[in-house]
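Visitor: when you get a sec, could you give me coordinates for this:
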Amino acid sequence: MRRQVMGPNQLGWLDAALAVLEPTGLPAAQRHRVFVLVVGLVRSVAQEVLDFDAEHARQWGELTGELLARHVDRFPALTAAIAQGAWAEAPEDPLAFGLERLLDGVQVLVDHA
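Guide: Below is the predicted model:
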């Protein structure tokens, strides 16, 4: 993906994020990477929500299930995870789930800074 010129709102988000992360003691490069991780998660979850279509999800599940049933030997871990309910239910709030995991990792990084 090519970099695009950031507008004033994007620059404002970046500036605010770097300011909030400054007291962590992380070097500037790591503060920037944390920002990129958080923004990437937010964008990914937002795109999933915008793109979700129940009928498409149902069809995808059927087709993927049929494909995996024919190739269980090729995808054993995936087939086992699905059989154990990996996609049975999504977290109540996927953004909160992701942010908690991501920020737990950031806290470990801060603790070692």
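Visitor: could you list the low-pLDDT ranges of the chain?
Guide: Within the chain, the segments meeting pLDDT under 70 span 1, 90-91.
Visitor: which residues sit in contact with the residue minimising distance to the centre of the chain?
Guide: Centre of the chain computed as the mean C-alpha position; nearest residue by CA atoms, centre = their mean is Leu41, 3.9 Å away. By CB atoms under 8 Å, 6 or more residues apart in numbering, the contact set of Leu41 is Leu95, Gly98, Leu99, Leu102. Just so you know, the C-beta spots here come from the backbone N, C-alpha and C atoms, and that holds for glycine as well.
Visitor: just the buried members of those?
Guide: The neighbour count (16 or more other CB atoms under 10 Å) marks Gly98, Leu99 as buried among these.
Visitor: and the contacts of Leu41 as TSV, adding distance to Val110 and secondary structure?
Guide: Formatted as TSV, the contacts of Leu41 follow (distance: CB to CB, whole Å; DSSP: H, G, I helix; E, B strand; the rest coil):
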residue	distance to Val110	secondary structure
Leu95	21	helix
Gly98	18	helix
Leu99	15	helix
Leu102	13	helix
